[in-house]
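# Okay, structure incoming, though there's no sequence with it:
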């Protein structure tokens with residue numbers, strides 16, 4: 001496993017910024033360090049590929065959960081420089097559901113599927129109105 005010795009936040013910030021820019025096909029100069037990843041249009045497959053590459057660069061295991069736990073380049077770089085690697089996803093799951101101090105928006109997960117064998121094909125048929 002290759003191991004890059006990132007000695008400053010700035011060097012790891014640059015690496016993450018350049019990798020995200022390359023992945024999205026945009027100029028690294030257009031990326032702000034404090035822009036949330038979700039606003040950049042990164043999908044989970046992008047996050048997985050970037051974390052995998054970063055893990056190889058650092059020579060230590062990292063978890064894809066880091067993209068959600070540390071949602072900006074600067075937050076992720078700070079965590080990595082402090083030795084955080086989130087390789088144990090339980091660290092993240094232990095406080096799952098607590099609102100991040102950096103978040104000012106609510107999240108609602110809503111879904112309705114009626115693909116149950118022997119049941120109605122619509123919510124109306126399933127629940128009977």
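Structure received. As the structure is a prediction and not an experimental result, all values here were calculated from the model.
# low pLDDT regions in the protein?
Applying pLDDT under 70 to the chain flags residues 1-10, 84-105, 109-129.
# Now with 90, please.
Residues of the chain meeting the criterion pLDDT under 90: 1-13, 37-38, 41-48, 54-69, 78-129.
# what ranges do the helices span in it?
9-24, 37-40, 44-58, 66-69, 73-81, 90-94, 123-127 (DSSP state H).
# and these as TSV, adding mean neighbour count and distance to residue 30?
Backbone N, C-alpha and C define where each C-beta goes, glycine included. Below are the helices of the chain laid out as TSV (neighbours: other Cβ atoms under 10 Å; distance: least, Cβ to Cβ, whole Å):
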stretch	mean neighbour count	distance to residue 30
helix 9-24	17	7
helix 37-40	15	10
helix 44-58	16	16
helix 66-69	20	19
helix 73-81	20	13
helix 90-94	11	29
helix 123-127	11	43
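# How about residue 31, nearest residue that isn't a chain neighbour?
residue 17 (5.2 Å; Cβ to Cβ, 6 or more residues apart in numbering).
# before we move on, back to that, quick one, which of the helices of the chain is nearest to residue 106?
Each of these has some distance to residue 106 by Cβ to Cβ; the shortest is helix 37-40, at 14.1 Å.
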